[in-house]
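Peer 1: here is my input, please return the structure:
(2 chains)
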Amino acid sequence: MSDLIKVTIDGITVDVAPGTSILNAARQIGGEIVPPAMCYYSKLEGSGGKCRTCLVKVSKGSEKDPRPMPKLVASCRTGVMDGMEVQNITSPEVVEARKGVVEMLLINHPLDCPVCDQAGECHLQDLGYEHGLSSTRYEFERRTFDRIDIGDKIQLHMTRCILCYRCVFTADQITNQRVHGVLGRGDAAEISTYIEKAIDNDFSGNVIDVCPVGALTDKTFRFKNRVWFTKPVDAHRDCPTCSGKVTLWYKGEDVIRVTARKDQFGEVEEFICNTCRFDQKKTSDWVIEGPRAISNQSVISSNHYDTLKPLPVIKTNLQLQQSNKDQFERATKL
Amino acid sequence: MESLSNRKKVIEQKPLTLMERLYLPAIVKGMAITFMHMFKKKPTVFYPEQQREFSENWRGMHSLKRDEEGRERCTACGLCALSCPAEAITMIAGERQKGEENLYREEKYAAVYEINMLRCIFCGLCEEACPKEAIYLDGPIVPSDYLRKDFIYGKEKLVEEPFKK
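Peer 2: Okay, here's the model as predicted:
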């Protein structure tokens, strides 16, 4: 009996525990070969398998049964087998299929990014930018819904929703009692609360963070500012209900938004409570840890000063490194 | 030393002739040229009474456009401010209330929109970045003024006049 099994993704071999999904195996490798995921969320049990953006091609089933899988599979829901070979970005078939998936996801999306508060940190935006077409072939009217207030702090824009069910799983698993779910089927399906009942759980605000699009947004941040003009700063406080580890989004001196910390896959590290999220918006409430590291590719880091890239000659010379120390420290991104 | 390119002209100084030494003919000739110019077409444009015609790709003062129904197109998405290399643009977004549908096109609009004309370098990147075709640099030359604060143009100067029906 071996503990780890071997799986090859885009030619890169990794040893993972049995039962791991292809997506998680790819995440262990990291980099470009990680399939994008709109509905899968590692912190939410049962999520995944709905959006189909993480489709991959399994070109070799396993060591024992080397036949390829007949169709593209959703990597978030397919477990790895020993000796499995997976193609993601190296397969033109997958790239083509993903393009189709993006087109389907965008069919009913209003594309109101200039208005939407999620713009700049929206996964659908990134996905569409990377895989989508620049024009649409859809000629019919898009479905529209009225805005719904879920409580006084959360706003639901059903028109933007891609029905990933993440918020439903959050409500199911993080909060004790669920008053919000999916009503209707197929094209008529929508996220809603029963008779627009407010969620009054302490952790209900987390549905904002898990939403990959701008369907669930923070009403206290609504139209306050654009994400890319704010500065993310890590901070914490002693919170009796949650871990209290958050990211504060500063505009000038003011904290205009509080979110949980998100990792490189856009998933929150720890869920935070509503008190931290909505009520603690003063610098004095928090212990500042330092600037949040934001990927250079993100629009959030645009127009800020770049990290200083030292010349090769400095990299090898200790003396030069020492004398330029101030420069490097000053170039740290905030 | 010999010149390498060989394009050097050696000027030789000849002694002045009698006509040149008299000076008067040369002065008359000069005055004639000056006098002739009085009857030629003037290239000077008397700005601001008279304005020169601008080329098609001229970039002048910004204007915030309205759509065909006279509603403001700008949704305060901030892309112009993001693209601005001179950091001249700033704005505050507002939410459209019920009953204001004839004023603003989308549910969000720019409540305050300011361009600092002293900072602006008229590069036209804001125009290029705008997803709503709301800002164009199609105006005249930005007029001069005495105070710095008067160069911060707000919506009252930037937004187009509503169409007359």
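
Peer 1: would you tell me which helix is longest in chain B?
Peer 2: The single longest helix within chain B, with elements called by DSSP state H, is helix B:24-37.

Peer 1: which SSE is immediately downstream of it?
Peer 2: Next in sequence after helix B:24-37, counting helices and strands by DSSP states H and E, comes strand B:63-64.

Peer 1: I figured A:Thr90 was touching A:Ile12, is that so?
Peer 2: No - counting by C-beta atoms under 8 Å, A:Thr90 does not reach A:Ile12; the two are 10.3 Å apart. The way it works is simple: take the backbone N, C-alpha and C, and place the C-beta from them, glycine included.

Peer 1: for the stretch 1-150 of chain A, which spans come out with low pLDDT?
Peer 2: Scanning the stretch 1-150 of chain A for pLDDT under 70 picks out A:1-2.

Peer 1: ignore what I typed, I meant the stretch 151-300 of chain A.
Peer 2: For the stretch 151-300 of chain A, the stretches with pLDDT under 70 are A:175-180, A:193-200.

Peer 1: do the same with chain B
Peer 2: Ranges of chain B meeting pLDDT under 70: B:165.

Peer 1: whatever residue of it ends up closest to chain A and B:Phe163, how far apart?
Peer 2: Nearest residue of chain B to chain A, counting by C-beta to the nearest C-beta: B:Cys77, 3.3 Å away. Per C-beta to C-beta, to the nearest Å, B:Cys77 is found 24 Å from B:Phe163.

Peer 1: helix/strand/coil for the closest residue to chain B within chain A?
Peer 2: Closest approach between chain A and chain B, counting by C-beta to the nearest C-beta: A:Pro114, at 3.3 Å. Here A:Pro114 is recorded as coil under DSSP: H, G, I helix; E, B strand; the rest coil.

Peer 1: run through the residues that contact the nearest residue to A:Phe223 once chain neighbours are set aside.
Peer 2: In this structure, A:Phe223 finds its nearest non-sequential neighbour in B:Ala93, 4.4 Å apart by C-beta to C-beta, 6 or more residues apart in numbering or on different chains. Going by C-beta atoms under 8 Å, 6 or more residues apart in numbering or on different chains, B:Ala93 touches A:Phe223, A:Lys224, A:Asn225, B:Thr75, B:Ala76, B:Lys108, B:Tyr109, B:Ala110, B:Ala111.

Peer 1: tell me the residues of chain B that contact chain A?
Peer 2: Of all the residues in chain B, those in contact range of chain A (C-beta under 8 Å from any C-beta of the partner chain) are B:75-79, B:81-82, B:93-95, B:106-108, B:131-132.

Peer 1: now the residues you listed: which count as buried?
Peer 2: Using 16 or more other C-beta atoms under 10 Å in any protein chain shown as the burial test, the residues of chain B next to chain A include B:Thr75, B:Ala76, B:Cys77, B:Gly78, B:Leu79, B:Ala81, B:Leu82, B:Ala93, B:Glu106, B:Glu107, B:Lys108, B:Lys132 as buried.

Peer 1: quick check: of those, which lies closest to A:Leu318?
Peer 2: The shortest approach to A:Leu318 among these belongs to B:Leu82, at 39.4 Å (C-beta to C-beta).
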